[in-house]
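Student: What shape does this take:
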Amino acid sequence: MSTTTAPTLRQDAQVITLVGIAHGISHFFHLILAPLFPWLKEAFSLSYAELGLLMTVFFVVSGIGQALAGFVVDRVGARAVLFAGIAFLGIAALVLSQAQSYAMLLAGSMLAGVGNSVFHPADFTLLNKRVSIPRLGHAFSVHGISGNLGWASAPVFLTSLAGLFDWRTALLCAAFLPFAVLALLFAYRDILQTEDRHAATAHGKTAQGQGGNLLDFLRLPSVWMCFAFFLITALALGGIQSFASPSLRSLYGMSLASATTGYTAYMLASAAGMVWGGFLASKTTRHDRTIAIAFTAAGMFALVIASGVVSPIMAIILMGAIGFGAGIAGPSRDLLIRAAAPKNATGRVYGVVYSGLDTGLSMAPLLFGAVMDAGHPGWVFIGVGVFQCMALLTALGVGSNTARKSTQAQAA
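Tutor: Below you'll find the predicted structure:
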């Protein structure tokens, strides 16, 4: 089907579903090793620092690869790159399941990082090119929710199988998931064809012939403001993912089960917020304002938790409120980037911008781990609140810059 044909509701739903499933697998592999740390620590006699390095390697490789993957997406098309990324995830799980040394674990983590690097530039290029504009807000909402589901399902899947069998069996079973998704996407490959390969290549040649080049988009302030936005929000997210539970236990004397409930409340409320955020994003063009309101509220709630003045039950409720605010901002965030991206550079922009996410997630465990080691559990939520409030400033900067350019274009 030509991309010039108006997308139908059925086509939109199919594209959104397929891309959402792929994104869920990507987030599942974010946690392909962390839930198995107790087994890996014993099997290889590893320190916590060595275990943490496996995650850092994953996100560093993914961050670098993500910036590069955007160029490949614009060059050869999103579908082929997405297929390759999913295949890399399956291969990574196979390598990890057969690891006989720490070096093999590092190699498997690097392969998983390579596979993960393609998803945001490929996914958002597919959604932007194959989903009708009125439904993009909902598309980005589903995309975010599927990622949360991937995060939520990985620990249950891996620890259950490792407990019943062993960690190698858990990883071997996990390897079948991306290959199954790849088979599904291949069966519906025509729906995911963007048909922009030759157009993008021709545009690149034309631009270079006119004195431009493929890196011109890096001169746009909005691109780097978007990168900063993702870096800052990832620091907040990484703090919550890594140390929200131990921080809650130290601040409020919670049991492990109650602290885990707080993190679960964050994840579930974040998913609910993305659903509502999809409707909000579809009804407004000033997405920066939605983000600002949502992150201001979330940041304030985090600071209240940090104060330690509320009851343990209220702290769990506030964890949900933080997640809800972050979830609401998700679809508006992705539409904000879409508005800031120049035509024919979607993959490159999303690749560079989303590499900020991986950068932040690789830095957060080190930063907040040092805070916890220093005996300041409350500073975890102070940091989360401060980072979320900082993020709204970058969002407002991107929105103002994009609105000013739109006004100048209309005047011209």
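
Student: When you work out contacts or count neighbours from here on, use the C-alpha atoms and nothing else.
Tutor: Noted.

Student: Could you check how many residues crowd around residue 337?
Tutor: By the criterion of other Cα atoms under 10 Å, residue 337 has 24 neighbours.

Student: swap in residue 393?
Tutor: Residues lying near residue 393 (other Cα under 10 Å) number 17.

Student: Could you do the one 4 residues further on as well?
Tutor: Other residues lying near residue 397 total 18 when counted by other Cα under 10 Å.

Student: Surely it is in contact with residue 225?
Tutor: Yes - counting by Cα atoms under 8 Å, residue 397 touches residue 225, with 7.1 Å between them.

Student: Tell me the first helix or strand C-terminal of the strand or helix carrying residue 222.
Tutor: Using DSSP states H and E, residue 222 sits within helix 221-252. Per DSSP H and E, the first helix or strand lying C-terminal to helix 221-252 is helix 256-282.

Student: Tell me what angle that next one forms with helix 221-252.
Tutor: Between helix 256-282 and helix 221-252, the angle comes out at 150 degrees (axes from the mean of the first three to the mean of the last three Cα atoms, to 10 degrees).

Student: and the helix or strand that helix 256-282 is followed by, which residues are buried?
Tutor: Heading C-terminal from helix 256-282, the first helix or strand you meet, by DSSP H and E, is helix 287-307. Of the residues in helix 287-307, 287-306 count as buried by neighbour count, 16 or more other Cα atoms under 10 Å.

Student: what do you get for stretch 100-111?
Tutor: 102, 105, 106, 107, 108, 109, 110, 111.

Student: Make JSON lines from these and add distance to residue 336 to it.
Tutor: Shown next, in JSON lines, are the buried residues of stretch 100-111 (distance: Cα to Cα, whole Å):
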{"residue": "102", "distance to residue 336": "41"}
{"residue": "105", "distance to residue 336": "38"}
{"residue": "106", "distance to residue 336": "36"}
{"residue": "107", "distance to residue 336": "36"}
{"residue": "108", "distance to residue 336": "34"}
{"residue": "109", "distance to residue 336": "32"}
{"residue": "110", "distance to residue 336": "31"}
{"residue": "111", "distance to residue 336": "31"}
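
Student: can I see the domain layout of the protein?
Tutor: Here the domain parsing of the chain from automatic domain parsing is 9-133+143-186+197-202, 216-402.

Student: want to throw those into TSV with mean pLDDT?
Tutor: Output for the domains of the chain, formatted as TSV (pLDDT from 0 to 100):
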stretch	mean pLDDT
domain 9-133+143-186+197-202	90
domain 216-402	84
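
Student: Would you confirm that residue 394 contacts residue 225?
Tutor: Yes - contact criterion Cα under 8 Å: residue 394 and residue 225 qualify, at 5.7 Å.

Student: what packs against the host helix or strand of residue 320?
Tutor: Following DSSP H and E, one finds residue 320 within helix 312-340. Contact analysis of helix 312-340 by 3 or more Cα pairs under 8 Å, 6 or more residues apart in numbering; DSSP states H and E lists helix 136-164, helix 221-252, helix 256-282, helix 287-307, helix 378-411 as its packing neighbours.

Student: Name the residues of the following helix or strand past it that come out as buried.
Tutor: Once the chain leaves helix 312-340, the next helix or strand it forms, by DSSP H and E, is helix 346-373. Buried residues in helix 346-373, counted by 16+ other Cα under 10 Å: 346-366, 368-369, 371-372.

Student: before we move on, the earlier item: list the buried residues for the helix holding residue 320?
Tutor: Buried positions in helix 312-340, judged by neighbour count with 16+ other Cα under 10 Å: 312, 315-340.

Student: Between helix 346-373 and that helix, find me the angle.
Tutor: Going by the same axes, to 10 degrees, helix 312-340 makes 150 degrees with helix 346-373.

Student: Helix 312-340: how far from the chain's middle?
Tutor: Offset of helix 312-340 from its chain centre (Cα atoms, centre = their mean, to the nearest Å): 13 Å.

Student: What angle do helix 287-307 and it make with each other?
Tutor: If you take the same axes, to 10 degrees, helix 312-340 sits at 160 degrees to helix 287-307.

Student: Any chance you could list what contacts stretch 250-263?
Tutor: 240-241, 244-246, 248-249, 306, 308, 311-312, 315-317, 319-320, 377-378 (Cα atoms under 8 Å, 6 or more residues apart in numbering).

Student: Pick the one among the buried residues of stretch 100-111 closest to residue 62.
Tutor: residue 110 (8.1 Å; Cα to Cα).

Student: The closest residue to residue 154 other than its chain neighbours: which element?
Tutor: Sequence neighbours aside, residue 28 is the residue nearest to residue 154 in space, at 5.2 Å (criterion: Cα to Cα, 6 or more residues apart in numbering). Using DSSP H and E, residue 28 sits within helix 9-30.

Student: just how off-centre is that helix within its chain?
Tutor: 13 Å.

Student: just checking, what packs against the following helix or strand past it?
Tutor: Later in the chain than helix 9-30, the nearest helix or strand by DSSP H and E is helix 37-44. In this structure, helix 37-44 makes packing contacts with helix 48-76, judged by 3+ Cα pairs under 8 Å, 6+ apart.

Student: so what secondary structure elements neighbour the helix it packs on?
Tutor: For helix 48-76, the packing partners by 3+ Cα pairs under 8 Å, 6+ apart come out as helix 37-44, helix 78-97, helix 102-116, helix 119-130, helix 197-209, helix 346-373.

Student: which stretch among those helices comes nearest residue 280?
Tutor: The nearest among the helices and strands packed on helix 48-76, by Cα to Cα, is helix 119-130 at 18.0 Å.

Student: Contacts made by that closest one with the rest, please.
Tutor: In this structure, residues lying in contact with helix 119-130 by Cα under 8 Å, 6+ apart are 3, 7, 12, 15-16, 19, 22-23, 26, 66, 69-70, 73, 78-79, 81-82, 85, 136, 139, 192, 194, 338, 346-351, 354.

Student: Any quick ChimeraX command for the buried ones out of those residues?
Tutor: Command for ChimeraX, covering only those of the contacts of helix 119-130 found buried under the criterion 16+ other Cα under 10 Å:
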select :7,12,15,16,19,22,23,26,66,69,70,73,78,79,81,82,85,136,139,192,194,338,346,347,348,349,350,351,354
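
Student: need the contact list for residue 148.
Tutor: Residue 148 neighbours (Cα under 8 Å, 6+ apart): 24, 27, 267, 271.

Student: Brilliant, that's me finished.
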